[in-house]
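> turn this into a model:
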Amino acid sequence: MTRKSRPKKSQPAASESQESQALVLASSHDLYSPAEEEPLLAPVVLAPAIVQRSVQPSGSSNIAKTEKKNLAIMPSSSPPPPYGSRSEDTPPPARQPGNFMTIIRDSGPIKQSFLIDPTLSVPSELLPTLTPSEQGAGGTRNNLNLEAKYGEIDADIEVMKSTKLTRIRVDRLPGTVSPGDLNRLGPLCTIDICATSGNIYLLIPKKRLVGKFVATARGDVKFSTTLEKDLSAFNEKGNRRECFIGDCKMWSEGMGDVINLEAKTGTVWVQYNGEPFVKPENGGCIIV
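Have a look, this model is predicted:
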């Protein structure tokens, strides 16, 4: 007789245990499975609404990250800061300084700006002829002489810092003159103003001019109330006033400002330039 082999009953049990073990291993390994094993989860079905809600935040988050990344990489759309032009950064060229200048106009006004450098040396062949006032002073030259015989004088005069005495003479006719430098080192300014017609109006900077003040006029010589408080009169005869501006105790021979005003046919008015001033309609020689 042929002996028939009996089927082993333990194989199905082993197969079931292997499947069970495989399922257990797959279940436990799925948490750490790489991206290529994700299709094992494909049979899971989600509702479209849930898919939409689960995908949309992820997409918007990625878009936001992309936008932030693009903002960091892309150059700013705002224009670069403007570069100042040379005209803005570089101040306009200053006036050329001069010294021992004389301008005499037989007709027409003098309307000009002057920058005086008392230390500037001028070649002898360029020096002008001495004026009558300079000849009367023993040949001492003024740093600037202005004379208009039949016109007004409207001049802006600036004096550079220097330890030398500055002499300015404005002669003859009315106009507007601004002599002096507010930043000069000390009181070293001599101003001679002579007007053969009209009045003289002098507006001086407060606490800048200290020294002798002499005014002669055919009419009156008047001072503002504020200026009179800083003025010491030491000689008065007729229409000639000799005064001192500032503290005369600090004055010494050869130091201090010297201001000489002469109005041959008019009056003299003196005040500080910080006080209200109304320009007279009849003109005159206005020194600011």
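> where does pLDDT dip in this protein?
Along the chain, the model assigns pLDDT under 70 to residues 1-94, 151-152, 165, 171-189, 207-208, 250-256, 281-288.
> one more pass at 90, please.
Applying pLDDT under 90 to the chain picks out residues 1-96, 104-118, 131-138, 140, 142-143, 145-214, 219, 228-239, 243-288.
> hey, where'd the helices end up in it?
Using DSSP state H, the helices of the chain run over 10-29, 48-73, 86-89, 132-136, 225-228.
> the stretch 101-250 of the chain: strands as residue ranges?
For the stretch 101-250 of the chain, the strands defined by DSSP state E, counting those that start in this stretch cover 101-105, 110-116, 144-148, 153-159, 166-172, 175-178, 189-195, 200-204, 211-217, 221-223, 231-237, 240-245.
> nearest to residue 271, of those?
Among the strands of the stretch 101-250 of the chain, the nearest to residue 271 by C-beta to C-beta is strand 200-204 (5.9 Å). Bear in mind the C-beta positions are built from the backbone N, C-alpha and C, glycine included.
> check which helices and strands that closest one is in contact with.
If you count contacts as 3 or more C-beta pairs under 8 Å, 6 or more residues apart in numbering; DSSP states H and E, strand 200-204 packs onto strand 257-263, strand 268-272, strand 285-287.
> can you say which of those strands is packed in most?
Across those, the average number of neighbours (mean count of other C-beta atoms under 10 Å) peaks for strand 285-287, which reaches a mean of 26.
> ok, residue 130 touching residue 138?
No - counting by C-beta atoms under 8 Å, residue 130 stays clear of residue 138, with 10.0 Å between them.
> what sits closest to residue 234 if chain neighbours are left out?
Counting by C-beta to C-beta, 6 or more residues apart in numbering, residue 242 is the residue found nearest to residue 234 once chain neighbours are left out, at 6.0 Å.
> could you give the bridge partners of the one you found?
Taking DSSP bridges, one obtains residue 214, residue 235 as the residues bridged to residue 242.
> run a quick neighbour tally on it.
Residues within reach of residue 242, counting by other C-beta atoms under 10 Å, total 14.
> repeat for residue 199
Neighbour tally, residue 199, other C-beta under 10 Å: 22.
> could you check how far residue 232 is from residue 249?
According to C-beta to C-beta, to the nearest Å, residue 232 stands 10 Å off from residue 249.
> right, I mislabeled it, should have said residue 157
Residue 157 is 30 Å from residue 249, where distance means C-beta to C-beta.
> what about those two, which has more around it?
Taking other C-beta under 10 Å, residue 157 and residue 249 do not tie; residue 157 has more neighbours (22 against 6).
> just checking, the more buried one touches residue 166?
No - using C-beta under 8 Å, residue 157 makes no contact with residue 166, being 9.7 Å away.
> now the common contact residues for these two.
Shared contacts of residue 157 and residue 166, defined by C-beta atoms under 8 Å, 6 or more residues apart in numbering, are found at residue 116.
> what's near enough to touch the residue nearest to residue 234?
Residue 242 neighbours (C-beta under 8 Å, 6+ apart): 212-214, 233-236.
> quick check: bridge partners of the spatially closest residue to residue 113 that is not a sequence neighbour?
Distances taken as C-beta to C-beta, 6+ apart place residue 156 nearest to residue 113, at 4.3 Å, with adjacent residues excluded. Counting by DSSP bridges, residue 156 is bridged to residue 113, residue 178.
> okay if I get the contacts of residue 242 as JSON lines plus distance to residue 190 and neighbour count?
Shown next, in JSON lines, are these (distance: C-beta to C-beta, whole Å; neighbours: other C-beta atoms under 10 Å):
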{"residue": "212", "distance to residue 190": "10", "neighbour count": "17"}
{"residue": "213", "distance to residue 190": "12", "neighbour count": "27"}
{"residue": "214", "distance to residue 190": "11", "neighbour count": "16"}
{"residue": "233", "distance to residue 190": "20", "neighbour count": "12"}
{"residue": "234", "distance to residue 190": "19", "neighbour count": "10"}
{"residue": "235", "distance to residue 190": "19", "neighbour count": "9"}
{"residue": "236", "distance to residue 190": "22", "neighbour count": "11"}
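> now these in JSON lines, with distance to residue 269?
Converted to JSON lines, the contacts of residue 242 look like this (distance: C-beta to C-beta, whole Å):
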{"residue": "212", "distance to residue 269": "19"}
{"residue": "213", "distance to residue 269": "13"}
{"residue": "214", "distance to residue 269": "15"}
{"residue": "233", "distance to residue 269": "16"}
{"residue": "234", "distance to residue 269": "20"}
{"residue": "235", "distance to residue 269": "20"}
{"residue": "236", "distance to residue 269": "16"}
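> okay then, goodbye and thanks.
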